[in-house]
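K.L.:
Sequence first, then the predicted structure, then my questions.
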Amino acid sequence: MNDDRLLLAAALLLAFPWAVYGTAGLLSFSRILARPRAWACGEGREAPNAVRRFLAAMLSCMFCTGVWVGGVYGTLPAALGILSWSRTPLAVLLSAMAGAACSYLLDLVARRLEAGLE
């Protein structure tokens with residue numbers, strides 16, 4: 001691996017927790033995506049189907065959303081041709097687990113900071 005790819009891989013590793021946290025927060029709680037989220041989760045419907053109930057449960061939890069976002073972002077280095085090993089199922093699984101942990105922990109810190117500022 002040459003120096004440029006090593007530097008890019010290090011930058012991706014540093015950006016990963018913040019990117020996962022930001023994307024999971026955007027998907028879960030942002031006003032920007034409130035309408036698409038309500039539609040996808042079946043809010044306002046008499047009886048949402050099982051898929052919509054599943055989506056509602058996943059999108060209401062930063063940990064759960066972080067799993068999916070982390071798994072998707074974990075494939076990014078392979079797509080960019082930086083790290084070929086990230087194409088393996090184990091790498092995607094580890095990225096999903098790391099994404100969940102990063103998303104949950106950063107959300108926990110943010111909530112504690114918000115509570116302390118009130």
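P.N.:
Arrived safely, thanks for sending. Residues are numbered from 1 along each chain as shown.
K.L.:
Going along the chain, name the helices of the protein.
P.N.:
3-29, 34-41, 50-59, 62-74, 76-79, 89-117 (DSSP state H).
K.L.:
Just give me the neighbour total for G71.
P.N.:
By other CB atoms under 10 Å, 20 other residues sit near G71. Any C-beta I mention is one placed from the backbone N, CA and C, and that applies to glycine too.
K.L.:
What separation do you get for it and L27?
P.N.:
From G71 over to L27 the distance is 13 Å, taken as CB to CB, to the nearest Å.
K.L.:
Quick check: which of the helices of the chain is buried the most?
P.N.:
helix 62-74 (a mean of 23; mean count of other CB atoms under 10 Å).
K.L.:
who touches that helix?
P.N.:
16, 19-21, 23-25, 27-28, 57-59, 86, 91-104, 107 (CB atoms under 8 Å, 6 or more residues apart in numbering).
K.L.:
Please apply the same query to stretch 7-24.
P.N.:
Contacts of stretch 7-24 (CB under 8 Å, 6+ apart): 1, 62, 65-66, 69-70, 73, 76-77, 80, 82-83, 95, 98-99, 102-103, 106-107.
K.L.:
and if we set it to 7 Å?
P.N.:
By CB atoms under 7 Å, 6 or more residues apart in numbering, the list of residues contacting stretch 7-24 from outside reads 62, 65-66, 69-70, 73, 76-77, 82-83, 99, 102-103, 106-107.
K.L.:
Nearest to G44 among those residues?
P.N.:
Nearest to G44 among these is T65, at 21.3 Å by CB to CB.
K.L.:
Identify the residue nearest the closest one in space, chain neighbours excluded?
P.N.:
Sequence neighbours aside, A24 is the residue nearest to T65 in space, at 4.2 Å (criterion: CB to CB, 6 or more residues apart in numbering).
K.L.:
what's the pLDDT at that neighbour?
P.N.:
Looking at A24, its pLDDT stands at 95.
K.L.:
and if you look at E118?
P.N.:
66.
K.L.:
Distance check, A11 against F63.
P.N.:
25 Å.
K.L.:
same check, this time on A50
P.N.:
Taken as CB to CB, the span from A50 to F63 is 21 Å.
K.L.:
Which pLDDT value goes with L113?
P.N.:
Predicted confidence (pLDDT) for L113: 92.
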